[in-house]
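Trainee: Attaching a predicted model along with its sequence, questions to come.
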Amino acid sequence: MTKLIGVTLTVAFFLMSGCGSIKAVRTEVAAQNIYRDYVLYKCIIRAFDNDPVFSKDISLSVYNDVAKYPLGAGLVGRKLDSLAVIKVNSIKPSIIADYEGKKAIFMQCLDYYNSKKLRDEIKVILKQALLQKKTDK
């Protein structure tokens, strides 16, 4: 009976300690997804030169509210903004005559949003932010 209680307590301990790491992984994945969403938003808004239609959209405020690290003037925000700028600047006009030199902005931004490259870049930025946060303490 004592052995059964010991095994039960051991299993319970491992399950409870594992839940914290699962929660941390979920939190990290959620942060990565928020930052991917933010980069897509910034890519589109930048490509359309802050068109007045965006003044009716509250997405930027929402991203700032739910982000793990501050956006905008913060280190993470600046790095994410620069990813969007680089992407927008890399979008070339179509060479197909029917498209009259216009760009496939949304398509290119969405492709970047779904890319492994963006996921990897965001992981690097989050690691840098975490290291900076630890050294600031």
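Mentor: Thanks, I have it. On a predicted model such as this, the values are computed, not experimentally measured, just so you know. Residues are numbered from 1 along each chain as shown.

Trainee: hey, let's count contacts and neighbours off CA atoms from now on
Mentor: OK.

Trainee: Run a quick neighbour tally on Ala47.
Mentor: Ala47 has 20 neighbours, counted by other Cα atoms under 10 Å.

Trainee: my read: it touches Ala104, true?
Mentor: No: the criterion here is Cα atoms under 8 Å, and Ala47 misses it with Ala104 at 10.3 Å.

Trainee: so who does the spatially most central residue of the chain touch?
Mentor: For the chain, the residue nearest the mean C-alpha position is Tyr35 (1.8 Å; Cα atoms, centre = their mean). Residues in contact with Tyr35 (Cα atoms under 8 Å, 6 or more residues apart in numbering) are Ala67, Leu80, Ile122.

Trainee: measure it to Glu28 for me?
Mentor: 11 Å (Cα to Cα, to the nearest Å).

Trainee: show me the residues around Leu110 that make contact.
Mentor: By Cα under 8 Å, 6+ apart, the neighbours of Leu110 are Leu40.

Trainee: what helix or strand does it sit in?
Mentor: helix 105-113 (DSSP states H and E).

Trainee: And that helix, what's buried?
Mentor: Ile105, Gln108, Cys109, Leu110, Tyr112, Tyr113 (16 or more other Cα atoms under 10 Å).

Trainee: Next, format those residues as TSV and append pLDDT and distance to Val85.
Mentor: Below are the buried residues of helix 105-113 laid out as TSV (pLDDT from 0 to 100; distance: Cα to Cα, whole Å):
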residue	pLDDT	distance to Val85
Ile105	94	12
Gln108	96	13
Cys109	96	11
Leu110	96	14
Tyr112	97	12
Tyr113	97	13
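
Trainee: Make TSV out of these and add distance to Lys133.
Mentor: What follows is these, written out as TSV (distance: Cα to Cα, whole Å):
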residue	distance to Lys133
Ile105	35
Gln108	33
Cys109	30
Leu110	31
Tyr112	28
Tyr113	26
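
Trainee: Quick check: of these, which lies closest to Phe54?
Mentor: Ranked by distance to Phe54 (Cα to Cα), those are led by Ile105 at 15.7 Å.
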